[in-house]
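Student: Below are the sequence and a predicted model; questions follow.
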Amino acid sequence: MDPIQRPELSDAQWERLRGFGTPEDVEAGAYLFRSGDRDYDLILVEEGEVEVVRDSLFWIQEEVVTTTGPRTFVGELGLLNGQGAFLSARMSAAGKVRRVTRTELRRLMAEDDQLCDLILHALWARRESLRRGTAALTLKFVGESSSRELMALRRFAERLDLVHKAVELSSGELGIHADLGVAAEDLPIAFIHGEPIRNATPGIVAERLGLSYQATGDEVADLVVVGGGPAGLAASIYGASEGLNTVLLDAVAPGGQAASTSRIENFLGFPFGVSGGDLIGQASLQALKFGVRVYAPCEAVKLEKAGDLLDVTLADGRIIRARSTIITSGAAYRRLNLDRWEDFEGAGIHYAATQLELRHVRESPVVVVGGANSAGQAALYLAGNGCPVHLVVRGSDLGTRMSSYLVDRLIEDPRIHVHTGANVVGLDGGDRLETVRIDAIGDVAASGLFCFIGAEPATSWLSSLDRDGDGFLRTGTDISVQSLDQWQSFGREPLPFETSAPRVFAAGDVRRGSMKRVAAAVGEGSSAVASVHRALAV
């Protein structure tokens with residue numbers, strides 16, 4: 001670890017930091033914590049010397065990552081998200097330390113802004129440094145390069161910002177791993193502290209790392225947020241920062257669709273754009289700062305009333321009891337079942353037609369797929385900005401699902417070629433989309449394919465809530481009259497973002513009428529917390 005990760009503390013800062021720790025005399029050679037420990041402490045070094053060690057794995061020897069002395073602290077970002085230790089710390093010279101438990105560390109970060117920022121910067125910088133060394137071998141994934149299962153493991157680790165290494169094998173190749181007793185049918189394998197976990201999944205790895213939800217007695221969360229996209233992260237950050245005991249769940253890992261966006265250029269405060277991964281990474285760090293407990297992969301499968309509380313049931317049967325819930329589980333844009341579709345998402349395939357998308361295709365030929373108003377409006381917008389457009393409509397009559405004024409304008413516009421009774425049947429290109437195949441006419445040049453065939457909200461597990469015909473959750477004044485009848489006994493109407501069930505809220509793409517934009521999702525998530533406070537006050 002380089003010196004920037006050992007911040008210099010003033011006398012006053014060191015004394016304040018010491019006040020959160022419990023003193024302990026330690027002999028040389030004694031371990032302060034070991035890799036794999038589920039519960040360990042931030043270590044303040046007062047006297048002596050501490051070695052941070054990457055333990056020996058069965059194919060490589062132990063390595064001392066760094067050595068640190070008095071007026072420093074030993075710890076890593078996993079202290080904040082509940083991850084078990086992936087390195088060990090031992091005294092190389094006898095001395096005195098102070099142990100700051102995770103509970104006390106949370107109290108410190110809530111009560112002392114200066115120390116909070118100092119420690120958070122150091123823990124984050126250490127994690128970034130550790131990725132570049134052999135510490136990453138404590139979590140190692142091995143699988144075939146074409147394996148979706150390996151991709152799922154990598155996506156999980158990257159979204160949760162875990163220090164790890166991934167090894168991609170050619171089909172049928174095992175290399176040095178054959179000497180470790182690995183067979184092709186075992187792939188993908190996760191090596192956790194050197195121990196092989198065959199046919200690994202994100203859920204198994206999360207359980208072994210201490211990142212899955214564990215109930216603690218009769219604990220009741222003030223707020224459970226279901227879904228870790230921009231709306232969910234905003235809701236959890238605002239909830240925790242305003243004193244609510246907050247849990248954030250995601251079926252995959254925090255980020256949602258935004259995490260896979262290569263560049264967001266219309267988000268307030270980023271004039272030169274920001275990648276979705278960077279934005280979500282900073283938001284996730286912010287969530288940890290305020291004490292949000294993040295669990296992933298952690299899929300919610302049922303939500304029901306339990307007296308005055310709410311029970312959120314997880315896929316593994318565990319139950320989280322809460323005083324309130326915000327549903328931010330999002331919606332997945334419908335896709336065409338075509339080869340290479342995933343290759344071109346973010347590299348030519350778009351689900352919106354705005355100024356942002358236009359920058360990538362201006363004055364270049366494009367294809368628009370869909371037969372409703374959104375597709376028609378997109379075709380006109382793109383054509384009006386210099387793009388020759390092929391509009392592909394599966395139905396035989398353009399006017400079946402589209403307003404007549406749009407139909408007339410589309411037919412009259414010489415830059416738009418309308419193909420009814422047609423389908424997109426193929427995609428081609430290098431790193432970006434170049435060609436689209438339409439069954440009615442064959443291959444056409446296209447730098448963009450704009451898909452408007454609808455979106456499917458992740459609400460199938462919420463059948464008891466009032467939803468529209470497409471499955472999106474109704475909230476506030478949008479709730480149907482029949483669902484409003486039950487509210488008479490509560491003496492109030494649904495609050496903004498509140499669903500048909502009291503103290504159950506919805507924000508972001510899952511909500512009927514949402515804008516389906518990152519900035520709007522962030523605004524909805526944070527605004528929903530204001531309604532949560534009002535509901536809990538009642």
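Tutor: Good, I have the coordinates.
Student: Name the residues of the helix or strand residue 482 falls within that come out as buried.
Tutor: If you go by DSSP states H and E, residue 482 is part of helix 481-484. Buried residues in helix 481-484, counting neighbours by 16 or more other CB atoms under 10 Å, are found at residue 483. Every residue, glycine included, has its C-beta placed from N, CA and C.
Student: Show the secondary-structure elements that that helix is packed against.
Tutor: The helices and strands touching helix 481-484, judged by 3 or more CB pairs under 8 Å, 6 or more residues apart in numbering; DSSP states H and E, number zero.
Student: following it, which helix or strand comes up?
Tutor: strand 504-506.
Student: what does that next one rub up against?
Tutor: 303, 310, 324-328, 465, 473, 475, 495, 497-499, 528, 531-532 (CB atoms under 8 Å, 6 or more residues apart in numbering).
Student: Pull the distance from it to the chain's centre.
Tutor: Centroid separation between strand 504-506 and its chain, computed with CA atoms, centre = their mean, to the nearest Å, is 19 Å.
Student: tell me the average confidence for it?
Tutor: Regarding strand 504-506, the rounded mean pLDDT is 98.
Student: domains for the protein, by residue range?
Tutor: The chain breaks down by automatic domain parsing into domains covering 3-110, 134-209, 223-332+460-537, 341-451.
Student: Run through the protein and note the low-pLDDT ranges.
Tutor: For the chain, the stretches with pLDDT under 70 are 1-5, 58, 146, 172, 175-179, 217, 260-263, 356.
Student: For it, list the residue farthest from the centre, please.
Tutor: Most distant residue from the mean C-alpha position of the chain: residue 412, 44.4 Å away (CA atoms, centre = their mean).
Student: Now it. Its backbone dihedrals?
Tutor: Per-residue torsions, residue 412: phi -80, psi -20 (degrees, to the nearest 10).
Student: Point out the other helices and strands that the longest helix anywhere in the chain packs with.
Tutor: Secondary structure of the chain per DSSP state H: the longest helix is helix 518-537. On a contact count with 3+ CB pairs under 8 Å, 6+ apart, helix 518-537 meets strand 223-226, helix 230-241, strand 325-327, strand 504-506.
Student: Ok, which of these comes nearest residue 516?
Tutor: For residue 516, the closest of the helices and strands packed on helix 518-537 is helix 230-241, at 10.8 Å, according to CB to CB.
Student: What lies in contact with the helix or strand that the closest one is followed by?
Tutor: Tracing the chain C-terminally past helix 230-241 and defining elements by DSSP H and E, one meets strand 246-249 next. Strand 246-249 is contacted by residues 213, 221-228, 232-233, 236, 239-240, 254, 287, 291-296, 298-300, 312, 314, 320, 322 when judged by CB under 8 Å, 6+ apart.
Student: Just the buried positions in the helix or strand just after strand 246-249, please.
Tutor: Sequence order places helix 276-289 as the next helix or strand after strand 246-249, per DSSP H and E. Of all the residues in helix 276-289, those buried under the rule 16+ other CB under 10 Å are 276-277, 279-281, 283-289.
Student: cool, stretch 298-313 as well?
Tutor: Here stretch 298-313 shows 298-300, 303, 310-313 as buried, counting by 16+ other CB under 10 Å.
Student: ok, residue 363 - how many residues close by?
Tutor: A total of 10 residues lie near residue 363 under the criterion other CB atoms under 10 Å.
Student: Quick check: it touching residue 386?
Tutor: Yes - in this structure, residue 363 is within contact of residue 386 by CB atoms under 8 Å, at 3.8 Å.
Student: Can you show me the CA trace of stretch 246-253 as PDB?
Tutor: In PDB, the C-alpha atoms belonging to stretch 246-253 read as follows (Å, rounded to 0.1, in the frame of the first residue of the first chain):
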ATOM      1  CA  THR A 246     -32.100   0.900   6.000                       C
ATOM      2  CA  VAL A 247     -31.600  -2.400   4.100                       C
ATOM      3  CA  LEU A 248     -31.100  -2.500   0.300                       C
ATOM      4  CA  LEU A 249     -31.700  -5.700  -1.600                       C
ATOM      5  CA  ASP A 250     -30.900  -6.500  -5.200                       C
ATOM      6  CA  ALA A 251     -31.500  -9.800  -7.100                       C
ATOM      7  CA  VAL A 252     -28.100  -9.400  -9.000                       C
ATOM      8  CA  ALA A 253     -26.000  -6.500  -7.600                       C
END
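Student: Next one: the residue nearest in space to the middle of the chain from residue 28, what distance?
Tutor: For the chain, residue 254 is the residue whose C-alpha lies nearest the centre (CA atoms, centre = their mean; 1.4 Å). Distance, residue 254 to residue 28, using CB to CB, to the nearest Å: 41 Å.
Student: one step back: quick one: contacts for the residue nearest to the centre of the chain?
Tutor: Here residue 254 is in contact with 159-160, 228-229, 232-233, 248, 280, 283-284, 287, 294, 296 (CB under 8 Å, 6+ apart).
Student: could you measure the nearest residue to it once chain neighbours are set aside against residue 181, distance?
Tutor: Counting by CB to CB, 6 or more residues apart in numbering, residue 254 lies nearest to residue 228, which is 3.5 Å off, once chain neighbours are set aside. Noted for residue 228: a distance of 36 Å to residue 181, by CB to CB.
Student: Looking at these two, which one has more neighbours?
Tutor: Legend: neighbour count by other CB under 10 Å for residue 228 and residue 181, higher for residue 228 (34 against 9).
Student: That one against residue 259, yeah?
Tutor: No - applying CB under 8 Å as the test, residue 228 and residue 259 come out as separate, 9.0 Å apart.
Student: Using CSV, write down the CA coordinates of whichever strand or helix holds residue 428.
Tutor: Using DSSP H and E, residue 428 maps to strand 424-429. What follows is strand 424-429, C-alpha atoms only, in CSV (Å, rounded to 0.1, in the frame of the first residue of the first chain):
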residue,chain,number,x,y,z
VAL,A,424,-36.0,-7.6,-37.9
VAL,A,425,-34.3,-11.0,-38.2
GLY,A,426,-30.6,-10.4,-38.0
LEU,A,427,-27.8,-8.0,-36.8
ASP,A,428,-24.2,-7.7,-37.9
GLY,A,429,-21.1,-5.5,-37.3
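Student: who does it touch, helix- and strand-wise?
Tutor: Here strand 424-429 touches helix 341-344, strand 433-438, going by 3+ CB pairs under 8 Å, 6+ apart.
Student: Quick check: which of the ones you listed is nearest to residue 423?
Tutor: Nearest to residue 423 among those is strand 433-438 (7.2 Å), distances taken as CB to CB.
Student: in its sheet, what does whatever helix or strand comes next after that closest one sit against?
Tutor: Sequence-wise, the next helix or strand downstream of strand 433-438 (DSSP H and E) is strand 442-445. Paired with strand 442-445 in the same sheet, following DSSP bridges, are strand 433-438 (antiparallel).
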